[in-house]
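Asks: what's the 3D shape of this:
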Amino acid sequence: MPASAAPPAPSQPALLRIGPYALPHRALVAPMAGVTDRPYRQLCKRLGAGYAVSEMAASNPRLWNSVKTSRRIDHAGEIEPKAVQIAGADPAMMAEAARFNVERGAQIIDINMGCPVKKVCNVYAGSALMGNEPLAIEIIERVVKAVPVPVTVKMRTGIDPDHRNAVALARAAEAAGAVMITVHGRSRACRYHGPVDYTTIAEVKAAVGIPVVANGNIDSPEKARDVLAQTGADAVMIGRAAQGRPWIFREVDHYLAHGTRLPAPTWREVRDLLLEHLNDHYRFYGEFTGVRTARKHIGWYLQALCGDRQPDEATEALRHAINDCEQADGQVRLLERYFADRASLLDTGIDQGGTQPS
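Replies: Prediction:
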């Protein structure tokens with residue numbers, strides 16, 4: 001259906017369930033390394049995301065006491081359900097990692113069979129597992145038996161476009177006890193480039209009786225509607241298109257429920273969301289790490305403000321100043337001055353363009 005076509009009358013499908021958890025909305029946050037930390041997940045949930053999965057946590061017990069892993073599995077105060085994604089290629093270690101995370105508050109365990117990054121695939125984890133179905137199935141079985149919480153699986157269409165086994169693996173995952181499947185509609189070889197294969201996602205949905213979530217290039221409310229219609233999926237998962245645009249989840253939720261677009265957020269609202277996000281981010285990481293990891297988030301918000309336009313000279317200057325700044329209060333003052341200089345824009349809506357695919 002073209003984006004310009006009149007939307008169909010909104011329907012009210014049954015709430016998507018992951019085990020005992022009924023998700024309130026059909027737009028979910030994709031796990032993204034270095035992005036979906038607790039402050040970001042919490043913000044997205046408040047802005048309409050029905051569910052968010054943590055960054056990928058390693059299954060190797062030697063890494064569990066590292067600062068990075070401890071942050072990735074920190075769910076203190078997070079809106080439920082609390083989900084942790086684990087990655088690895090050893091069934092026993094994956095089962096133990098699942099138990100470790102459940103003991104620390106995880107209510108859902110997600111198994112990563114979709115990451116195409118080399119350092120993950122080189123140890124036969126992530127999407128590399130799709131090339132070894134017996135091992136992939138054994139991991140699912142062991143994890144399901146190890147924990148009393150729901151287990152989900154995120155996968156791709158296959159190793160490459162000529163070897164698509166998502167349907168077979170999804171059937172096997174369901175038989176092994178997985179309660180939900182998310183499919184990124186590209187192969188491991190495609191990484192994040194090229195067209196998305198929504199046909200395979202539809203075939204997975206037709207092949208299993210558990211919920212299926214569609215992922216890949218969903219960057220607008222209209223695209224979410226079209227992908228749900230094309231695939232029959234129960235929900236959509238949004239990744240890169242939500243970077244700097246966490247309000248996309250409420251936009252999708254509203255559009256699916258009512259068939260109309262919400263007004264774009266105003267500059268004032270974006271300012272307030274960004275400063276709130278940064279305050280939580282700094283408290284979570286501490287100043288030294290927080291200032292450095294905040295830079296990418298600030299850049300994404302600034303791109304969202306620019307939409308399809310090229311950043312002006314002042315915005316480019318702000319980017320450089322933010323990246324050079326090594327104090328949290330310094331970054332905040334730079335942003336406050338930037339928005340103060342645009343006082344006449346604060347109550348106007350931002351541009352809607354400028355997204356990138358997920």
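
Asks: all strands for the stretch 151-300 of the chain, in order.
Replies: Using DSSP state E, counting those that start in this stretch, the strands of the stretch 151-300 of the chain run over residues 151-155, 158-160, 163-164, 180-184, 212-215, 235-238.

Asks: which neighbours does the third one have in its sheet, and in what orientation?
Replies: What that stands for is strand 163-164. Strand 163-164 pairs in its sheet with strand 158-160 (antiparallel), by DSSP bridges.

Asks: returning to what we had before: would you tell me which of the strands of the stretch 151-300 of the chain gets closest to A30?
Replies: Closest approach to A30 among the strands of the stretch 151-300 of the chain is made by strand 235-238 (4.7 Å; C-beta to C-beta). In this view, the C-beta of every residue, glycine as well, is placed from N, C-alpha and C.

Asks: Check which residues of that closest one are buried.
Replies: A235, V236, M237, I238 (16 or more other C-beta atoms under 10 Å).

Asks: How many residues are close by the closest residue to the first one other than its chain neighbours?
Replies: If you skip the residues right next to it in sequence, A235 has R26 as its closest partner in space, 4.3 Å away by C-beta to C-beta, 6 or more residues apart in numbering. Summarising burial for R26: neighbours were counted as other C-beta atoms under 10 Å, giving 25.

Asks: tell me how far stretch 157-171 is from the chain's mean position?
Replies: Taking C-alpha atoms, centre = their mean, to the nearest Å, one finds stretch 157-171 lying 22 Å from the centre of the chain it belongs to.

Asks: For that stretch, measure first residue to last.
Replies: Length of stretch 157-171, first residue to last, C-alpha to C-alpha, to the nearest Å: 13 Å.

Asks: Would you mark the buried spots in that stretch?
Replies: For stretch 157-171, using 16+ other C-beta under 10 Å, the buried residues are T157, G158, I159, R164, N165, A166, V167, L169, A170.

Asks: cool, and stretch 26-41?
Replies: Quick answer for stretch 26-41 (16+ other C-beta under 10 Å): 26-32, 35-41.

Asks: chain center to that stretch, what's the gap?
Replies: Counting by C-alpha atoms, centre = their mean, stretch 26-41 is centred 4 Å from the centre of its parent chain.

Asks: swap in stretch 75-88?
Replies: 12 Å.

Asks: and what of stretch 48-60?
Replies: On C-alpha atoms, centre = their mean, the centre of stretch 48-60 falls 8 Å from the chain's centre.
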